[in-house]
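Enquirer: Predicted model and sequence follow; I will ask about them next.
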Amino acid sequence: PYYTVRQGEMTIVTGIPSHGKSELIDALMVNLANDYDWRLAVFSPENYPTQGHIGKLAQKYIGKPFSKGYNGHMSEDELSQAKQWLDEHFIFIAPSDGELTIDHIISKARVAVMRFGIKGMVIDPWNEIDHSRPSNKSETEYISECLTKIRRFARTYKIHVWLIAHPTKLYKQKD
C-alpha cells in the first residue's frame, strides 16, 4: 500500500548508513521475481564478490540461513532449488567488467533486456560508479545528465531501475 513498482520508472533509494537500503531492495527483488516472475539485472559492487550476494538472495528466497552452522539452515535440495530459481531470475553485471560508467552499465543492461527480458535493474551503490566528468561540466549538470540517461533507459525499455545512493558516514557530535 506504500510503494508501487512501475515499469518505465526509476526509484532512488537513500538513507542513513547501515540501515538496510540494499537489504530492502534485495527483498523487493526476490518478491518481484517470486510473485510476478520478473527477471532482474543487478550491478552491485556493494555486494562483491557476487557469490556472497547470490547467497543473500538465496536465503531470502528459501527463508532459511545459507550457512550450515545455523539450526534450520537450508538443505542441499533447497540450495539446488534456490540456485536454479536465481539463474532463471537474476543477471549480474559484474563490477570487474572494466569501465564502471553509467553508459557501460546501461549498455550491459540493454543486452540483459534483449537476451533475458529483464523487467528491473538495480544499481548499488551510486558512489562506486566512475564519475569522471569533463572539467567544463558542473557536478550538478553531470548528475542531471546521468539521471536523465537512466530514466530514458527505463522508459525506453519499460523496466524499473533502482538507484541506491549511500551517503557519507554520519558522525556523532558532542552536542
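Expert: That came in fine, so what should we check first? Being a predicted model, the structure only gives us computed values, none of them experimental.

Enquirer: any idea of the pLDDT on the residue lying closest to residue 151 once chain neighbours are set aside?
Expert: Excluding its sequence neighbours, the residue lying closest to residue 151 (C-beta to C-beta, 6 or more residues apart in numbering) is residue 10, at 5.2 Å. The C-beta positions use only the backbone N, C-alpha and C, and glycine is treated the same way. Note on residue 10: pLDDT of 97.

Enquirer: again with residue 166
Expert: Turning to residue 166, the model gives it a pLDDT of 85.

Enquirer: tally of neighbours for residue 147?
Expert: Residue 147: 16 surrounding residues under other C-beta atoms under 10 Å.

Enquirer: Kindly report the same for residue 157.
Expert: Residues contacting residue 157 under the criterion other C-beta under 10 Å number 19.

Enquirer: residues touching it, list them.
Expert: 109-110, 113 (C-beta atoms under 8 Å, 6 or more residues apart in numbering).

Enquirer: in the sheet, who's paired with the residue nearest to residue 151?
Expert: Beta-bridge partners for residue 10, by DSSP bridges, are residue 161.

Enquirer: do you know how far it is from residue 106?
Expert: In this view, residue 10 and residue 106 are 12 Å apart by C-beta to C-beta, to the nearest Å.

Enquirer: shared neighbours, the two?
Expert: Overlap of the contact sets of residue 10 and residue 106 (by C-beta under 8 Å, 6+ apart) consists of residue 150.

Enquirer: Need the three-state assignment for residue 25.
Expert: Residue 25 carries the three-state label helix when classified by DSSP: H, G, I helix; E, B strand; the rest coil.
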